[in-house]
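Chemist: No letters, just coordinates:
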C-alpha cells in the first residue's frame with residue numbers, strides 16, 4: 001500500500017474530517033499531519049486535547065493496519081493515553097508513531113506530536129488489539 005492509497009482508505013471518515021493526512025511509513029513507524037484551526041479548538045482558542053488523541057490513535061491504528069493482512073484481521077484501538085505538554089493555536093501538527101511492541105494479538109505504539117518547529121505538543125501511547133475477521 002502507498003501513502004496515497006492509505007489516505008484514500010480514510011475518505012469520508014473522522015480522519016478526513018479532522019484533515020489528517022498520512023505522509024510516510026516504514027516497517028516500524030508512520031507519520032501524519034493535521035492542521036490546527038478553529039475546527040479543532042477548545043473554547044479558549046487552543047487545540048482541544050481530544051483532537052490530539054484522535055491524531056495519535058489514527059497514526060497508531062494505521063501503523064497496525066499496515067502490519068497485518070487487512071483481509072484477514074481487524075485492528076481496533078484498545079487504549080490510548082496522552083500527556084499534553086504545550087498548547088498550540090494554529091499551524092501544523094506532525095505525529096510520528098513508532099512500534100514499541102509487535103505481538104500476535106496486540107501492538108503498542110509510542111506517538112510524538114510536534115509542531116512545525118519540532119516543539120513537543122503531546123506524547124501518547126496507543127495499544128491496538130488485532131482480531132481475526134469472522135465470516136458471516
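Modeler: Sure, I can see it. As the structure is a computational prediction, the values presented were derived from the model and not from experiment.

Chemist: Check the offset of the helix or strand hosting residue 108 from the chain's centre.
Modeler: Residue 108 is part of strand 106-114, with elements assigned from DSSP states H and E. Centroid displacement of strand 106-114 relative to its chain, using Cα atoms, centre = their mean, to the nearest Å, is 8 Å.

Chemist: May I see the buried residues of it?
Modeler: Residues 107-114 are the ones in strand 106-114 that count as buried (16 or more other Cβ atoms under 10 Å). In short, each C-beta sits where N, CA and C put it, glycine included.

Chemist: want to throw these into a markdown table with distance to residue 57 and pLDDT?
Modeler: A markdown table is the format used below for those (distance: Cβ to Cβ, whole Å; pLDDT from 0 to 100):
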| residue | distance to residue 57 | pLDDT |
| --- | --- | --- |
| 107 | 12 | 98 |
| 108 | 13 | 98 |
| 109 | 9 | 98 |
| 110 | 13 | 98 |
| 111 | 9 | 98 |
| 112 | 14 | 98 |
| 113 | 12 | 98 |
| 114 | 17 | 98 |
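
Chemist: Among those, which pair sits farthest apart?
Modeler: The span of the buried residues of strand 106-114, defined through Cβ to Cβ, is set by 107 and 114 at 22.2 Å.

Chemist: low pLDDT regions in this protein?
Modeler: 136 (pLDDT under 70).
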